[in-house]
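In: All I have is the shape, not the residue letters:
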């Protein structure tokens, strides 16, 4: 065992010198006791430091929350003051723009040019509103117990084509008259009402004319009901601007505008041929109305009954259609030959060695054409010694000679010309 105390008298040495190796070994237990105490102290320091950091963070959060609540309240008050604006129109209805709107760049002249187009459409629609009426097909049913009458109806639109002094003559879709009803009642845009009756129906054109009585209308109301002004479809050729007015969307009073974007297509009706105007407007089922040109004249009758395309088409107002409309408006009997025709191209005429001609595509049974022995494929060359180039030529002469009752027809069959006299009927 080493010495407990090494007393030394040497200069520079302590009385108790622990530098001796044996002495260090002898006091090792002191070091062993101090090590755990040092770890405990370090842990306490680290824990104190962590708690201090957490406390500071919590304190900072509380201070930040208080500051936020105070400053946000002040800022909200400032924002409320900024958002208080007056958007009411001033100076006769023109709203004053705010500074924020100054960033929007619009060319006033360009916008004004566009607005002028829509202004013209609006004016046209408003002017033609007094030419239309809403027609109700009313059905009455009686209660079997109490005997009370109940009225049920469906509505569609009609346009005033003419007036005969006591009645307004409206053009409507023929299909609207197919279902059973007890009474027709027309209501005009000014609120005036009148009962209606059927004048004439044309199933080929899908059009009908009804007459609305004006005897119970006030004089001031009658003055505000206007008939349309019929024009000529030739004034609205390809590229012309047109406005569609009536039940354009197929469900109610509506308007659209666009362009005539194609040449007229012809379609056959009995003893005649009519033209269809093609537009770039969207076609809707049950569409009905009129097509108006830039002069405010009706140049087409809207119809979606002749094809299933996507574009709206109209029956062109021309001499052929006007003749048919006159028959319908006056309930006149129409002269009948009884055939459907197709026009021949210049190439076909040249190949067959004929100057003009229209070809029969169908014969109606029991008609004068059938009784005279005409067949499908025959080519009508002349009527009353006048060369026929178009179906409209044939119809014009047919109407002209209807009063006489007979007309001379020259036709080609199997390369051989024949002439026959046909007796014209009316129906």
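Out: Done, it's in. What you see is a predicted model, and the numbers here were worked out from it, not measured in a lab.

In: So what sits opposite residue 209 in the bridge?
Out: Legend: beta-bridge partners of residue 209 under DSSP bridges are residue 171, residue 200.

In: residues contacting residue 146?
Out: Counting by CB atoms under 8 Å, 6 or more residues apart in numbering, residue 146 touches no other residue. Yep, even glycine has a C-beta here, placed from its N, CA and C like the rest.

In: Now do the same for it: its pLDDT.
Out: As predicted, residue 146 sits at a pLDDT of 75.

In: do the same with residue 273
Out: Looking at residue 273, its pLDDT is 91.

In: wait, doesn't it sit right on residue 321?
Out: No - contact between residue 273 and residue 321 fails when scored by CB atoms under 8 Å: they sit 10.5 Å apart.

In: Residue 367 - how many residues pack around it?
Out: Here the count is done by other CB atoms under 10 Å, and residue 367 has 20 residues near it.

In: Following the record's annotation, map out the domains of this protein.
Out: Residue ranges for each domain of the chain read 130-223, 233-329, 335-426, as given by automatic domain parsing.

In: how about those in JSON lines, adding distance to residue 67?
Out: Output for the domains of the chain, formatted as JSON lines (distance: least, CB to CB, whole Å):
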{"stretch": "domain 130-223", "distance to residue 67": "67"}
{"stretch": "domain 233-329", "distance to residue 67": "61"}
{"stretch": "domain 335-426", "distance to residue 67": "91"}
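
In: which residue packs closest to the most centrally placed residue in the chain, ignoring adjacent ones?
Out: In the chain, the C-alpha nearest the mean C-alpha coordinate belongs to residue 249, at 5.7 Å (CA atoms, centre = their mean). Of all residues beyond its chain neighbours, the one nearest residue 249 is residue 284 (5.1 Å), with distances taken as CB to CB, 6 or more residues apart in numbering.

In: Next up, the contacts around the one you found.
Out: Counting by CB under 8 Å, 6+ apart, residue 284 makes contact with 248-251, 304, 312.

In: rerun at 10 Å
Out: Residue 284 makes contacts with 247-251, 254, 256, 302, 304, 312, as judged by CB atoms under 10 Å, 6 or more residues apart in numbering.

In: Could you find the lowest-pLDDT member of these?
Out: residue 304 (77).

In: tell me which residues in stretch 400-414 are buried?
Out: By neighbour count on 16 or more other CB atoms under 10 Å, the buried set for stretch 400-414 is 401-402, 407, 409-412.

In: and which of these is nearest residue 232?
Out: Nearest to residue 232 out of these is residue 402 (CB to CB; 24.2 Å).

In: just checking, that closest one touches residue 396?
Out: No - counting by CB atoms under 10 Å, residue 402 does not reach residue 396; the two are 11.0 Å apart.

In: Could you list the low-confidence segments of the stretch 251-400 of the chain?
Out: For the stretch 251-400 of the chain, applying pLDDT under 70 flags the ranges 307-308.

In: Doesn't residue 324 belong to a helix?
Out: Yes - assigned with DSSP: H, G, I helix; E, B strand; the rest coil, residue 324 falls within a helix.

In: That one touches residue 273, doesn't it?
Out: No - when contacts are counted by CB under 10 Å, residue 324 is not listed as touching residue 273 (11.4 Å).

In: Excluding chain neighbours, give the residue nearest to residue 310 in space.
Out: residue 283 is the one closest to residue 310 (CB to CB, 6+ apart), at 5.8 Å.

In: What's the separation between the one you found and residue 314?
Out: Relative to residue 314, residue 283 is positioned 11 Å away (CB to CB, to the nearest Å).

In: Among those two, which residue is more densely surrounded?
Out: Between residue 283 and residue 314, counting by other CB under 10 Å, residue 314 is the more crowded of the two (29 against 18).

In: wait, what's in contact with the more buried one?
Out: The contact partners of residue 314, by CB under 10 Å, 6+ apart, come to 233, 236, 242, 244, 260, 264, 275-279, 281, 287, 289-291, 298-304, 306.

In: Now list the buried members of these.
Out: Among the contacts of residue 314, the ones that count as buried by 16+ other CB under 10 Å are 233, 236, 242, 244, 260, 264, 275-279, 281, 287, 289-291, 298-304.

In: Helices of this protein, residue ranges please.
Out: For the chain, applying DSSP state H gives helices covering 21-26, 28-83, 108-129, 219-223, 319-329, 346-352, 368-371, 391-401.

In: got a list of contacts for the fourth one?
Out: Taking contacts as CB under 10 Å, 6+ apart, the residues outside helix 219-223 that touch it are 163, 168, 188, 190-194, 214-215, 217.

In: which of these lies closest to residue 64?
Out: Nearest member of the contacts of helix 219-223 to residue 64, counting by CB to CB, is residue 191, at 69.9 Å.

In: and the contacts of helix 219-223, which of them are in strands?
Out: Using DSSP state E, the members of these that fall in strands are 163, 168, 188, 193-194.
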